[in-house]
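Asks: got a predicted model here, sequence first, then my questions.
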Amino acid sequence: MNYEGGTYDVIVIGAGHAGVEAGLAAARSGSKTLMLTLNLDAVAFMPCNPSVGGPAKGIVVRELDALGGEMAKNIDKTHIQMKMLNTGKGPAVRALRAQADKFMYQHEMKNTIEEQENLTLRQGLVEKLIVEDDVCKGVVTNTGAEYTSSTVVITTGTYLRGKIILGELAYESGPNNMQPSVQLSHELKALGFDLVRFKTGTPPRVNGNSIDYSKTEIQPGDDQPRAFSYETTKFITDQLPCWLTYTGEATHQIINDNLSRSPMYSGMIEGTGPRYCPSIEDKIVRFNDKPKHQIFLEPEGRNTTEVYVQGLSTSLPEDVQFKILQSIPGLENVKMMRPGYAIEYDAMVPTQLWPTLETKKVENLFTAGQINGTSGYEEAAGQGLMAGMNASLKAQGKEPVILDRSDAYIGVMIDDLVTKGTNEPYRLLTSRAEYRLLLRHDNADLRLTEIGYQAGMIEQERYDRFLSKKEAIEQEKQRMRKATIQPGPELEKMLTSKNSSLITEAVTAMHLLKRPELGYDDIFPLTGFTSRVTPDIAEQVEIQTKYEGYISKQLDQVNKMKKMEMKKIPENLDYSVISGIATEARQKLTEVKPLSVGQASRVSGVNPADISILLVYLEQGKLARVGEA
Amino acid sequence: MEFDTIAAISTPVGEGAIAIVRLSGEQAFSIADTLYKGKKRVQEADSHTIQYGHIVDPETAETVEEVMVSVLQAPRTFTREDIIEINCHGGLVSVNRVLDLVLSAGARLAEPGEFTKRAFLNGRIDLSQAEGVMDLIRAKTDKAMHAAVKQVEGRFSERVRRLRRELLETVAHVEVNIDYPEFDAESVTLDNLKRHTSHVRDEVKQLLSTAKQGKILREGLGTAIIGRPNVGKSSLMNSLIHENRAIVTDIPGTTRDVLEEYVNIRGVPLRLIDTAGIRDTEDIVEKIGVERSRKALQEAELILLVLNSAEALSVEDEALFKAIHGLNAVILLNKTDLDKKIDEDRVRELASGRPVIAASLLKDEGIDELEQAVSSLFFEEGIEGSDLSYISNARHVGLLNQTRQTLEDALEAVEMGVPVDMIQIDITRAWEMLGEIIGENVHDGLIDQLFSQFCLGK
């Protein structure tokens, strides 16, 4: 017997990393939102590595924060260690990574959701979508509750027809033996969506008390307090270290001896796995000349001795996993607590989505996260926020927000997904971004706060603070541009100490700041200024000055790109009537339905001549319309 | 991409006294200003005026051409974009040089029909012409693609591909350090980066020098036949012209008032310099002799020195050897049908490694050997003729020049201590530009490389 569950603006199915951001974004941007999850104890669960951030991904977390998301704040409150990576390189590739207390992370996030205005969190397994005339109008749970809504966001991660494979054993399951979502997968197929089968994996967990840490290398967090969120003011100082050890010949021998029992090679696994997250058996087979592989031992939390064995993702049988672990220095007497496993799941072919993450086939239905073929908590969260925000804006009859490739890593990711699709679980890498000098860790707030504010996700007070920061940066740049520094013993001493060439004529402070070897702090004492700006402002002034040449080069490229992005293509353009476009390009364009000529040019299989013809055609159409008028 | 600045020679090649290089696009004025030196900068000139000045190579500061430049500001132009038309007077060679400079300065070689296409896109041409434009784009592209497929097999593209691979491996290595900072791949050192970057830069430079050979194919290798009177210069020229199909005859030189003849020697086009002079000398004899030969060889890229083997080496002969010191030359010992009096060892010594061919032009002997010597001189680097036509493509020369410049930028940044990930931006750009040459520019290539070169993952 079905019953009426209630009416909402937005319904979010799932409460993983995509789901929580989607729900919070929808509620924060003013929509009455319902979040349904099949297990309330799995909100923001980390089924794989207990960490957040890293290159590219860490920048996504900062972007989420600037847009009004939660991941940054949540990890700031619940990490056990934090590190700035790539500090020896340029500012564009610096990124934070935190090890999470995965249990605290969940509890904290669940509590934030519970406290969020406009947001209802409920346990329930969605089995059916209410779709009429290709428009989604709500969902039905397995308990018979019928919820209606303006828009629906699906964020079911790896739960869709999930199947765990562990050695010779295989069974239907979500991650970590959670209940899988089987019916919903059939429902999506029935609605005409193309699904693919992907695979990912996780390593075994061991009891930290049984590790001999003396045989490993310590990996501490940074001494300097760090935070992802621009808003965080309370820093965790009590950090836990991770540990590094290596596989060796013995490990590789065990794996080679047992390859025939590996489901990867026996043909039991059909799904496509990610290249950047290979299982240990895969690493040994593909790179058999590498004598050892790194193994990081990462605590799963403060109130547990369970340790995540990073580098040892595997689906080999449990007894083989035991042997592998015991062959690794420091783990000779280790007690395994959970075995690693591979998981297969259904994912949407992401080219079926508009850049808003709404499906092309069914209006008002959005998908985000691992269901869209990505991998990683941060990738999921980034899509979750965008889908939740756009679902909310649509419910309110407002214009959607689309981030482009020069706005954010989130924009790069979504554009890649909906334009090119992916044939393996998609992970963000800095090399996917063509304008990475603009997409920095340090300027995520400058790039995105305005967008978050416009969507109603950033409160006024924070926005005002942001505006004054922006102002302060400009003023300081102005001040540095005007400040003249005379040659003299003081300057000479500083330049000599920094191995910088001496000068004979007066220069501006800005001029000196351009030298790679000099920082704001070196130059400031020579300016005669009495007031000093805060370190974050000094950092911006320094980066913007020092790398001005490179930045403006990238901005030129962005301007070129934007021109093509501004040439809009009607949503339902019939490519079959455009003579001259090559057959392959025609098929691809019909499938992807790019919204701009810029997006069309990134569709694989579309060449410049096709774009020329498309441009001519679009122009022709415009003229024709003028003629009719 | 659309709406970058394009350029092309917009007058028929090889005809007419004036040739025009036309630029269209946002940067047309600023590009012109990097090359054009006149009373006013182009950007300061009034629209729809014509300016007098010179085109100066910004790298060598050498004046390349005396020009008139038409400055046409958008939107009242053919394409509705800013247009610059550089009117050159110096003939094929210098107009090509101007185009090369414009392309090196950042313009892209226009595709067939592209000026017209832009005119249309910017609303300058009416609807009825649209279909025609589309057909044109498609037809020309197909043709270009066929050509491209053929060229892909060439050694040139193989070489470009190898350079791209080297850059890609370097870039992937930098990337892996960035994306996997804790991974145990060794860090790319600046030394390492510098070594690969300068190696590729040098190779690109060398490719550019072979591009010069490509240009020779287009314009002919300036060849001087020199020698004392009566050694057989005229017979040599006649037998070259007689045996080989003349490509072009009677092209009036625009800066020289002499006749030139073109002959094709096993794929190498020779532009015979001062053929009139050679003919004349047979009549005027002694008087002009050596001096005239000297003048001819000033502008020559290849010298054919003819000696009379039936006479001993004269002072004049020795003087000629001196004059051709260090130049590309083939020595022809003519009149082997007569008694040999020349000291061949001495000739070989003076030739210092350059080919010496015995011939009897009268009996038609030795011409084959001469042709062989000329062609192997020209193709000494083992580059096949089919490739050369490819490198001669002005678009590729432009891209190669930009690649070289970008790599220079990267090397400069290394010296300045700029962070490695920024230097890498230029290296990646160079990799992309080389890709444009051979029509391979898939960005995903980098990610594929990352995962095949390194064992990554959790």
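Replies: Looks like it arrived, so ask away.

Asks: low pLDDT regions in the stretch 351-458 of chain B?
Replies: B:378-395, B:439-458 (pLDDT under 70).

Asks: skipping adjacent residues, who's closest to the residue in it that chain A sits nearest to in space?
Replies: The minimum distance from the stretch 351-458 of chain B to chain A, using Cβ to the nearest Cβ, falls at B:Pro419 (3.2 Å). Quick note: C-beta positions are derived from backbone N, CA and C, even for glycine. Leaving out its chain neighbours, the residue that sits closest to B:Pro419 by Cβ to Cβ, 6 or more residues apart in numbering or on different chains is A:Gly90, at 3.2 Å.

Asks: B:Lys340 too?
Replies: B:Ser309 (5.3 Å).

Asks: thinking the residue nearest to B:Pro419 is in contact with A:Lys546, fair?
Replies: No. Between A:Gly90 and A:Lys546 there is no contact under Cβ atoms under 8 Å: 9.3 Å.

Asks: okay, and the residue nearest the centre of chain A sits in which element?
Replies: Residue closest to the mean C-alpha point of chain A, counted by Cα atoms, centre = their mean, is A:Glu379 at 2.4 Å. Secondary structure from DSSP states H and E places A:Glu379 in helix A:377-395.

Asks: same check, this time on B:His325
Replies: Applying DSSP H and E, one finds B:His325 in no helix or strand.

Asks: where does it land on pLDDT?
Replies: pLDDT recorded at B:His325 is 82.

Asks: so how far is A:Gly301 from it?
Replies: 83 Å (Cβ to Cβ, to the nearest Å).

Asks: which one's more surrounded, the two?
Replies: A:Gly301 (20 against 9; other Cβ atoms under 10 Å in any protein chain shown).

Asks: can you report phi and psi for A:Val196?
Replies: phi -120, psi 160 (degrees, to the nearest 10).

Asks: and for it, the neighbour number?
Replies: Neighbours of A:Val196 using other Cβ under 10 Å come to 17.

Asks: where are the low-confidence patches of chain A?
Replies: Scanning chain A with the threshold set as pLDDT under 70 gives A:621-629.

Asks: show me the domain layout of it.
Replies: Listed domain ranges for chain A are A:3-48+A:109-198+A:344-438, A:205-341, A:470-549, A:567-620 (source: the TED database).

Asks: could these go into TSV alongside distance to B:Ser234?
Replies: Output for the domains of chain A, formatted as TSV (distance: least, Cβ to Cβ, whole Å):
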stretch	distance to B:Ser234
domain A:3-48+A:109-198+A:344-438	63
domain A:205-341	69
domain A:470-549	61
domain A:567-620	53
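
Asks: how about those, which one is nearest B:Ala172?
Replies: Among the domains of chain A, domain A:3-48+A:109-198+A:344-438 comes nearest to B:Ala172, with 8.4 Å by Cβ to Cβ.

Asks: quick one, strands of the stretch 251-400 of chain B?
Replies: B:259-265, B:268-272, B:302-308, B:329-334, B:356-358 (DSSP state E, counting those that start in this stretch).

Asks: which one of these has the lowest average pLDDT?
Replies: Of all the strands of the stretch 251-400 of chain B, mean pLDDT reaches its minimum on strand B:259-265 (a mean of 62).

Asks: need the contact list for the residue of chain A found nearest chain B.
Replies: As assessed by Cβ to the nearest Cβ, chain B sits closest to A:Gly90 within chain A, at 3.2 Å. Taking Cβ atoms under 8 Å, 6 or more residues apart in numbering or on different chains as the criterion, A:Gly90 is in contact with A:Leu437, A:Tyr547, B:Val418, B:Pro419, B:Val420, B:Asp421, B:Met422.

Asks: for B:Ala107, same thing?
Replies: B:Asp4, B:Thr5, B:Ile6, B:Ala7, B:Leu23, B:Gly25, B:Gln27, B:Ala28, B:Ile31, B:Gly398.

Asks: same question for A:Glu70.
Replies: Counting by Cβ under 8 Å, 6+ apart, A:Glu70 touches A:Val20, A:Glu21, A:Leu24, A:Leu64, A:Met109, A:Thr112.

Asks: the stretch 151-300 of chain B against chain A: which residues are in contact?
Replies: Counting by Cβ under 8 Å from any Cβ of the partner chain, the stretch 151-300 of chain B comes close to chain A at B:Glu175, B:Asn177, B:Ile178, B:Asp179, B:Tyr180, B:Pro181, B:Glu182, B:Phe183, B:Asp184.

Asks: between those, which is closest to A:Ser552?
Replies: Taking Cβ to Cβ as the measure, A:Ser552 lies nearest B:Ile178 of those, at 22.1 Å.

Asks: what's the closest non-adjacent residue to the closest one?
Replies: In space, B:Ile178 is closest to A:Val93, 4.6 Å off (Cβ to Cβ, 6+ apart).

Asks: isn't the one you found up against A:Arg436?
Replies: Yes. Using Cβ under 8 Å, A:Val93 is in contact with A:Arg436, at 7.0 Å.
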